[in-house]
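Asker: from the sequence below, what's the structure:
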Amino acid sequence: MKKNKAIILCNLLILFTTVFYAFCAEANKPFLQTQTPSLPQVLQTRDHTYSYNPLGKPDPFKPFVDVQITAVGKGKDGKGGSIFPLQREEVESFRLVGIMGDQIRRVAVVEDSAKKFYPLFIGTRIGLHNGKVTDILADRVVVNELDGKKVKRIIMQLHKNLH
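Answerer: Alright, predicted model coming up:
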């Protein structure tokens, strides 16, 4: 109990000391009468007004990229497709073109029908039915999709080019 009273007393002493020094410092400042500097003649006149004409200039608030999702693939329920390119097509429509890495961390690369390439990691969502990459092996990628209450396993095989 005595310790709490001592702490409160010390805090009050510090508070009063700080307030006292703040008032003393304010009272010791010399009072100087300063004149406001005269403004240049250009700024004193009100004839110079600025007006903005937006004619022929781009709208600064319009986004640079115009995103249209309405025409992109439809889901199985007929609603609009995903904004993610890996979830706009069936898993079987992607072509596995490469796998790199070691046993600890592998990355697979797939190509879609538009000849664009996408990396796949374990856990990446792919396909119209919310498939998930569960394993990346040296020559194939395993994707699991929920088909009702069952899990459908899709294996994407790496084809070696023989040219």
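Asker: going forward, measure contacts between C-alpha atoms and count neighbours the same way
Answerer: Noted.
Asker: same for the longest helix along the chain, what does it pack against?
Answerer: Under DSSP state H, the helix in the chain containing the largest number of residues is helix 2-27. On a contact count with 3 or more C-alpha pairs under 8 Å, 6 or more residues apart in numbering; DSSP states H and E, helix 2-27 meets no helix or strand.
Asker: all further residue positions should be reported with the first residue as 7.
Answerer: With the count now opening at 7, the last piece we talked about shows up as helix 8-33.
Asker: and it, how far out from the chain middle?
Answerer: 48 Å (C-alpha atoms, centre = their mean, to the nearest Å).
Asker: now it: buried residues?
Answerer: Residues of helix 8-33 classed as buried by neighbour count (16 or more other C-alpha atoms under 10 Å): none.
Asker: can you check stretch 141-154 too?
Answerer: Within stretch 141-154, the residues scored as buried using 16+ other C-alpha under 10 Å are 142, 143, 144, 146, 147, 148, 149, 150, 151.
Asker: out of the helices and strands in the chain, which is least certain?
Answerer: helix 47-50 (a mean of 53; mean pLDDT, DSSP states H and E).
Asker: could you dump the buried residues of stretch 141-154 to JSON lines with distance to residue 64 and pLDDT?
Answerer: Converted to JSON lines, the buried residues of stretch 141-154 look like this (distance: C-alpha to C-alpha, whole Å; pLDDT from 0 to 100):
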{"residue": "142", "distance to residue 64": "48", "pLDDT": "95"}
{"residue": "143", "distance to residue 64": "51", "pLDDT": "93"}
{"residue": "144", "distance to residue 64": "51", "pLDDT": "89"}
{"residue": "146", "distance to residue 64": "49", "pLDDT": "93"}
{"residue": "147", "distance to residue 64": "47", "pLDDT": "95"}
{"residue": "148", "distance to residue 64": "48", "pLDDT": "95"}
{"residue": "149", "distance to residue 64": "46", "pLDDT": "95"}
{"residue": "150", "distance to residue 64": "47", "pLDDT": "95"}
{"residue": "151", "distance to residue 64": "46", "pLDDT": "93"}
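Asker: pick the one among those closest to residue 19.
Answerer: Within the buried residues of stretch 141-154, distances to residue 19 taken as C-alpha to C-alpha reach their minimum at residue 142, with 68.8 Å.
Asker: give me the beta-bridge partners of the closest one?
Answerer: Beta-bridge pairing for residue 142 (DSSP bridges): residue 147.
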